[in-house]
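J.: below is the sequence, then the predicted model.
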Amino acid sequence: MKGLLSARKNLAWLGLFICLLLNLLCLSSAQGAEILRETIPLERNEVPLHLERYIEQDGKTKRPLLFVHGVTFSSHEFDVDYKDYSLARYFAKHGFEVWLLDIAGFGNSGSVKDGFMPDSDYASEDIASAVRLILERNNLASLDILGWSWGTVTSGRFAAKHPEMVHRLVLYAPIVAGLGEQEVKEPFNKNTWEGAASDFQRKADGSIDFDIVEKPVASTYIDNAWHYDKDTSPNGGRRDLLVGRSARLIPTESIKAPVLIIVGSKDPYVSPDLCDEAYRTLPNRTDSELIILDGAAHAMLMERPYYKLFRESVLNFLNKG
């Protein structure tokens, strides 16, 4: 009898061990699929353009999503690889083939002799070149795009000019109107630590508010700015932005695709009222959305209280399509 009980006990422990092992294997499979990063050759106007692809190696079909960076710093801003803050890796883990593009003269793309040349219209055609390549590789007619800051001006102009290529568009922290008239004399911006840190929320004494952004997140972002963008970046986009506040910079009235406008209430570069104005001009308001995150600012993709809500809002919008 004791031998029978001992055998049953051993079988029970063996069954429990097998269940635990299977659970661990399933968990590892679900969470541990590798994200492949690769650079895809692209060139326009004899300038090599840095185009990078992030895709999870799980054998499933992915939807292409292109991220478009702002002025001064390049596409590394979408891959702040600390904890789970990387926006590129988040979307790669949620069914997307993520693409990062550096506009001519920025980051890892080829240099330009005239820093005023890659202005908003020029950059929109760099986007068009990248989109054509991505669509051809995937045998698709259109894809999703997310632009941040100046990237909303460039991707918005691209979407207005090439509506057939855009499935859904996210305008994150859109520079709807001119930021104030200011003469930009130098074709290249001198990059500084202060410039790299300027998008983070500050305390009264001017220091970064580390209650809003984790210190390693800010450090990773700023270190990447020095590594990829170095001492200077083109000023064509900055010259486009520093115009009178009556100027409207994104042709929202000509964008046919569904649009998500998402902005933080504390963003120093654009007001919720301007975003509401832009939203009301969209031809497809039925499928478009305006989201204002209370307390968030320009860099909410890296802000501790807001980054998860931000990317979940974007994911929900894209998945509606």
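T.: On my side now, so go ahead. Numbering: from 1, shown residues only.
J.: got the contact list for the closest residue in space to Ser254 that isn't next to it in sequence?
T.: Sequence neighbours aside, Ala160 is the residue nearest to Ser254 in space, at 3.9 Å (criterion: C-beta to C-beta, 6 or more residues apart in numbering). In this view, the C-beta of every residue, glycine as well, is placed from N, C-alpha and C. For Ala160, the contacting residues are Pro251, Ser254, Ile255, by C-beta atoms under 8 Å, 6 or more residues apart in numbering.
J.: which of those tops the neighbour count?
T.: Of the contacts of Ala160, Ile255 is surrounded by the most neighbours, 26 neighbours in total, counting by other C-beta atoms under 10 Å.
J.: what score does the residue nearest to Ser254 have for pLDDT?
T.: For Ala160, the pLDDT comes out at 98.
J.: out of the contacts of Ala160, who's nearest Arg132?
T.: Ile255 (18.7 Å; C-beta to C-beta).
J.: isn't that closest one right up against Leu282?
T.: Yes. Ile255 is within contact range of Leu282, at 6.4 Å (criterion: C-beta atoms under 8 Å).
J.: helices along this structure, start to end?
T.: 2-31, 87-92, 120-138, 150-161, 193-197, 215-224, 236-241, 272-280, 307-319 (DSSP state H).
J.: can you put those in JSON lines and add distance to Asp287?
T.: Listed next are the helices of the chain as JSON lines, based on distance: least, C-beta to C-beta, whole Å:
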{"stretch": "helix 2-31", "distance to Asp287": "32"}
{"stretch": "helix 87-92", "distance to Asp287": "20"}
{"stretch": "helix 120-138", "distance to Asp287": "20"}
{"stretch": "helix 150-161", "distance to Asp287": "14"}
{"stretch": "helix 193-197", "distance to Asp287": "36"}
{"stretch": "helix 215-224", "distance to Asp287": "33"}
{"stretch": "helix 236-241", "distance to Asp287": "28"}
{"stretch": "helix 272-280", "distance to Asp287": "12"}
{"stretch": "helix 307-319", "distance to Asp287": "9"}
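J.: just those: most buried one?
T.: Ranked by mean neighbour count, these are led by helix 150-161 with a mean of 27 (mean count of other C-beta atoms under 10 Å).
J.: contacts only, for Pro187.
T.: By C-beta under 8 Å, 6+ apart, the contact list for Pro187 reads Asp114, Gly115, Phe116, Pro234, Asn235, Gly236.
J.: do a quick rundown of the strands in the stretch 51-200 of the chain.
T.: Taking DSSP state E, counting those that start in this stretch, the strands of the stretch 51-200 of the chain run over residues 51-56, 63-68, 96-101, 143-148, 166-172, 188-190.
J.: ok, His298 - contacts?
T.: Contacts of His298 by C-beta under 8 Å, 6+ apart are Ser149, Ala173, Asp199, Gly264, Asp267, Pro268, Tyr269.
J.: where does the chain dip in pLDDT?
T.: Residue ranges of the chain with pLDDT under 70: 1-32.
J.: right, and Leu309 touches Leu293 too?
T.: Yes. Counting by C-beta under 8 Å, Leu309 does reach Leu293; the two are 6.4 Å apart.
J.: would you reformat the contacts of His298 as JSON lines and include distance to Ile55?
T.: What follows is the contacts of His298, written out as JSON lines (distance: C-beta to C-beta, whole Å):
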{"residue": "Ser149", "distance to Ile55": "25"}
{"residue": "Ala173", "distance to Ile55": "26"}
{"residue": "Asp199", "distance to Ile55": "28"}
{"residue": "Gly264", "distance to Ile55": "30"}
{"residue": "Asp267", "distance to Ile55": "31"}
{"residue": "Pro268", "distance to Ile55": "35"}
{"residue": "Tyr269", "distance to Ile55": "32"}
